[in-house]
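Colleague: Dropping the sequence and predicted coords here.
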Amino acid sequence: MATEAERRAGELVVDLGAIVANWHELCERHQSGPVAGVVKADGYGLGAGAVAKALAAASCWNFFVAQLSEGIALRKELSHGPMIAVLSGFPPGADGGAGLTPVINTPQDLAAHRAAGTRGAILHLDTGMERLGLNARELAGAGSLSDLDLRFVMTHLACADEPGHPLNAEQARRFHAMAEAAPGVPRSFANSSGLFLGERFESDLARPGAALYGINPTPGQPNPMRCVLRLLVPVLQIRQVPAGATVGYGATWVAKRDSRIATIAAGYADGYLRALSGRGFALAAGRTVQLVGRVSMDLITLDVTDVPELAVGDRVELIGPEQTPDAVAALAGTIGYEVLTALGTRYHRRYITA
């Protein structure tokens, strides 16, 4: 039963069953090998431990995080069976026996892990991102890779969400050519959007992240993934505001009629972006209501004049099937990834399995 503090805070309802269903959908698309779960940034803001345990129960056996601290924390949630790879890499032995898999990103990383005799690393090849990973010149200078115990060679797509972009095909060509330097080593290629680019982007291990969490991997097309969350926020106050009154910081919104203004318990400190000021919407008693005034640190104001039954203590929905992370992101001029990973720690998280 929720405490009074929890009732006065927002609630983030995470549908683990929908995340698992999205993973199964991606597995159906990737027939050449298994599909990992990318759970970096605390499972894209939804809780890495809960998400990973649900996926592991569904037979997902490979996970990726961004940082060493994330990997150590995740290992405490999982048994020592699943692979947990750290995309930013880490020095030999720095995982303290957690059994994590380092990703080798630079010639310096390669030299350090060679000297230490690291077993079970992943070699990252840069095929066009110009970020982490050995480029073709660095790979040529690395000499034979036969002394390395590699689980995978991997690369990362730069423009997979633009199917017609020429860099996609060029990265596929470069990756398959560069990976020949490690004959017999399994390959990991497609990210979320890459899984929708066709056979040339299949490999021994796909690495979707955002699509697991309902972000559309095919922008401009119908979203094939399920929405996996609802953000419910309580009404703290309802105020009668006369026509001509202003609401919020900067007096940016002026009531054109006598209005009912609901103040709800969320703000930019909770990841509801300030860029949504005057643009955002919520679902109140099944009806769409507009955000008025500026988003402040802890509070948002909504015009609920046309929802007379809404009362203090009721919850409104800021994100959900009717207002997806992608839709909220479009209003804010950003991407769904940012909306999810910005979700703050003050929400009470509730996990469901169906």
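Modeller: All right, it came through fine.
Colleague: how long is stretch 281-299 from one end to the other?
Modeller: End-to-end distance for stretch 281-299: 14 Å, by C-alpha to C-alpha, to the nearest Å.
Colleague: quick thing: my sequence starts at 800, can you match it?
Modeller: Understood, numbering begins at 800; the last thing we discussed is stretch 1080-1098.
Colleague: If we go by neighbour counts, what in that stretch is buried?
Modeller: 1080-1083, 1088, 1090-1095, 1098 (16 or more other C-beta atoms under 10 Å). Backbone N, C-alpha and C define where each C-beta goes, glycine included.
Colleague: I'd like the residues you listed as TSV, with secondary structure appended.
Modeller: Conversion of these to TSV gives the following (DSSP: H, G, I helix; E, B strand; the rest coil):
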residue	secondary structure
1080	strand
1081	strand
1082	strand
1083	strand
1088	strand
1090	strand
1091	strand
1092	coil
1093	coil
1094	coil
1095	coil
1098	coil
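Colleague: can you pull the buried residues of the longest strand seen in the chain?
Modeller: In the chain, taking DSSP state E as the definition, the longest strand is strand 1028-1040. Residues of strand 1028-1040 classed as buried: 1028-1034, 1037, 1040 (neighbour count, 16+ other C-beta under 10 Å).
Colleague: Give me the pLDDT for residue 1153.
Modeller: pLDDT, residue 1153: 70.
Colleague: contacting residues around the closest residue in space to it that isn't next to it in sequence?
Modeller: Excluding its sequence neighbours, the residue lying closest to residue 1153 (C-beta to C-beta, 6 or more residues apart in numbering) is residue 816, at 4.5 Å. Residues in contact with residue 816 (C-beta atoms under 8 Å, 6 or more residues apart in numbering) are 853, 1151-1153.
Colleague: Now do the SS call for residue 816.
Modeller: Judged by three-state DSSP, the three-state class of residue 816 is helix.
Colleague: pLDDT wise, what is residue 1117 at?
Modeller: We have a pLDDT of 98 for residue 1117.
Colleague: Would you check that it makes contact with residue 1070?
Modeller: No. Using C-beta atoms under 8 Å as the test, residue 1117 is too far from residue 1070 to be in contact (9.9 Å).
Colleague: Quick one: the strands in the stretch 1000-1149 of the chain, in order.
Modeller: Using DSSP state E, counting those that start in this stretch, the strands of the stretch 1000-1149 of the chain run over residues 1028-1040, 1045-1046, 1052-1053, 1058-1063, 1080-1083, 1086-1091, 1099-1102, 1114-1118, 1147-1151.
Colleague: now swap in the stretch 800-949 of the chain and tell me
Modeller: All strands of the stretch 800-949 of the chain, identified by DSSP E, counting those that start in this stretch, fall at 810-814, 836-837, 861-864, 882-885, 900-903, 918-923, 948-953.
Colleague: dump the residue contacts of residue 973.
Modeller: Contact analysis of residue 973 by C-beta under 8 Å, 6+ apart lists 926-927, 935, 954.
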